[in-house]
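Enquirer: Give the three-dimensional model of this entry:
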Amino acid sequence: MPQECSSNSLLEFETLESNVRSYSRSFPVVFRKAAGAILEDENGCEFIDFLSGASALNYGHNDPYIRNAAVEYLQSNRIVHALDMATSAKREFIKNFDHIILRPRGLAYKFQFTGPTGANAVEAALKLARKATGRHNVISFTNGYHGGSLGALAVTGNRYFRNAAGLTPAGAVFMPYDGYWGADNDTSDYLDKVLADSSSGVDLPAAIILETVQGEGGINPASTDWLQSLERLCRKNDVLLIVDDIQAGCGRTGEFFSFESAGISPDIVLLSKSLSGYGLPLSLLLLKSELDVWQPGEHTGTFRGNNLALVTASAALQKYWTNENLSKGVIETGRQLMERLREVAQSNQRSELAVRGRGMMLGLDCRTGKLAEKIVRQAFEQGLVVERCGAEDQVIKLLPPLTIDSQTVQRGLDILEKSVRVSV
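Expert: Okay, the predicted model is just below:
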């Protein structure tokens, strides 16, 4: 195991790469190979991956079926880059997504391919909402995270990220997320009053943007009642509802979309991260047809709809979403994870650990960033890759591949449990 392995040399990274790098500081080895839920460094040491590329690798590393689709496509001299031209790869993806994902769920959306990152999708959604409604204000929520570009930062709550902008992000008003004032306070009532009161000082927004399970904000799941209340507020006030499903979507909570269980119908849905199925950059806006008010080329970008990523995305849909096996597995594995995490929390009551989340998007709240950092560092030394999140990095975020086998899950949890025990 990794305890016996010396760290790989990071000299070139420390000398030549910018100080902005982050994950290589938390996990100071040089990774070279990966398969499924296992990472391997240059010394051949193996690590269980409970990070999954921050949910960009929901189907694990190098899924053979998806990889074969990519290799076959490349070897056949097919189109890789085509701006937003029509290609066979794009047509195949759109058809698959419509038939496999949207229609069975009673959803009808148009597709807009944006630049390759989730932040690109957020920027496009905010721009479109303002154009479609003629209003400028957007409502976001405490602890929300939507990306590092200026528009996305404006709807991101964390001060650490906002301060890096170099200027004050503008155009958004923050409201309390579900549970922000405690379990007994319905924060949607406050939002309802603010929107109804013409003297509240809050302009009627173009849109409300939210994550149904806040990821970077600390694994905060919104209740069904709260989500349904927000949708009613949007309909009553003619405000667009944007669901950022970049991290919580693509099966992470059990269903393909994280909002399915709440029975809501967002006006705009944002997807990225695991959309390609293989860690390749791909971002997408799903928008209701009446909102498609763009003029040709009005929102553009050189890397829209990466064709290789569209091929792997189609392969992922065909392998994992033509039946309910993956969804059922996520729910069952998530139950096992939750149960075990609660046992860990209860056995360390002095530290007041708490567990929350949905599906296989779970968090162990350590109350302080110092304790969470200590546990995560200890876990890595024992062979587990897991990261922190929350306003003070006080929550250990568990995002194993959705395809992980039960034995590897238990090995990872054994490491985490031991790391907690020696750290508290």
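Enquirer: Which parts of the stretch 251-400 of the chain are helices?
Expert: 307-320, 325-346, 369-381 (DSSP state H, counting those that start in this stretch).
Enquirer: go on, the stretch 1-150 of the chain?
Expert: 11-16, 23-26, 52-55, 64-75, 88-96, 118-133, 150-154.
Enquirer: Let me know which of those is tucked in deepest.
Expert: Among those, helix 118-133 has the highest mean neighbour count (mean count of other C-beta atoms under 10 Å), at a mean of 24. Where C-beta positions appear, they are placed from N, C-alpha and C, glycine not excepted.
Enquirer: how many neighbours does A170 have?
Expert: Residue crowding around A170 was assessed by other C-beta atoms under 10 Å; the count is 10.
Enquirer: Compute the distance between T302 and A82, please.
Expert: Counting by C-beta to C-beta, to the nearest Å, the separation of T302 from A82 is 11 Å.
Enquirer: Same check on D189?
Expert: For D189, the distance to A82 - C-beta to C-beta - is 49 Å.
Enquirer: who has more neighbours, these two?
Expert: Using other C-beta under 10 Å, the more surrounded residue of D189 and A82 is A82, with 14 against 11.
Enquirer: Which pLDDT value belongs to that one?
Expert: Confidence at A82, expressed as pLDDT, is 96.
Enquirer: The closest residue in space to I331 that isn't next to it in sequence and A70: what is the separation?
Expert: Spatial nearest neighbour of I331, excluding adjacent residues (C-beta to C-beta, 6 or more residues apart in numbering): G254 at 4.6 Å. For G254, the distance to A70 equals 27 Å [C-beta to C-beta].
Enquirer: Could you do E42 as well?
Expert: On the measure of C-beta to C-beta, E42 and A70 end up 24 Å apart.
Enquirer: ok, now F161?
Expert: Taken as C-beta to C-beta, the span from F161 to A70 is 33 Å.
Enquirer: before we move on, the earlier item: Throw the helices of the stretch 251-400 of the chain into JSON lines and include distance to I219, mean pLDDT and mean neighbour count, thanks.
Expert: Converted to JSON lines, the helices of the stretch 251-400 of the chain look like this (distance: least, C-beta to C-beta, whole Å; pLDDT from 0 to 100; neighbours: other C-beta atoms under 10 Å):
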{"stretch": "helix 307-320", "distance to I219": "23", "mean pLDDT": "98", "mean neighbour count": "24"}
{"stretch": "helix 325-346", "distance to I219": "11", "mean pLDDT": "97", "mean neighbour count": "17"}
{"stretch": "helix 369-381", "distance to I219": "12", "mean pLDDT": "98", "mean neighbour count": "19"}
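Enquirer: Would you mind putting the ones you listed into JSON lines with distance to F174 alongside?
Expert: Formatted as JSON lines, the helices of the stretch 251-400 of the chain follow (distance: least, C-beta to C-beta, whole Å):
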{"stretch": "helix 307-320", "distance to F174": "33"}
{"stretch": "helix 325-346", "distance to F174": "29"}
{"stretch": "helix 369-381", "distance to F174": "22"}
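Enquirer: W294: neighbour count?
Expert: 16.
Enquirer: can you check G301 too?
Expert: 16.
Enquirer: cool, and the one 4 residues further on?
Expert: The number of residues packed around G305, counting by other C-beta under 10 Å, is 27.
Enquirer: If I look at it, what pLDDT would I see?
Expert: With respect to pLDDT, G305 has a value of 90.
Enquirer: Please verify my assumption that it contacts E92.
Expert: No. The pair G305 and E92 does not pass the contact test of C-beta atoms under 8 Å, sitting 11.8 Å apart.
Enquirer: wait, what's in contact with F111?
Expert: F111 makes contacts with 94, 97, 284-286, as judged by C-beta atoms under 8 Å, 6 or more residues apart in numbering.
Enquirer: Please tell me which one of these counts the most neighbours.
Expert: L284 (28 neighbours).
Enquirer: isn't it right up against G115?
Expert: No. At 10.9 Å, L284 does not count as touching G115 under the criterion of C-beta under 8 Å.
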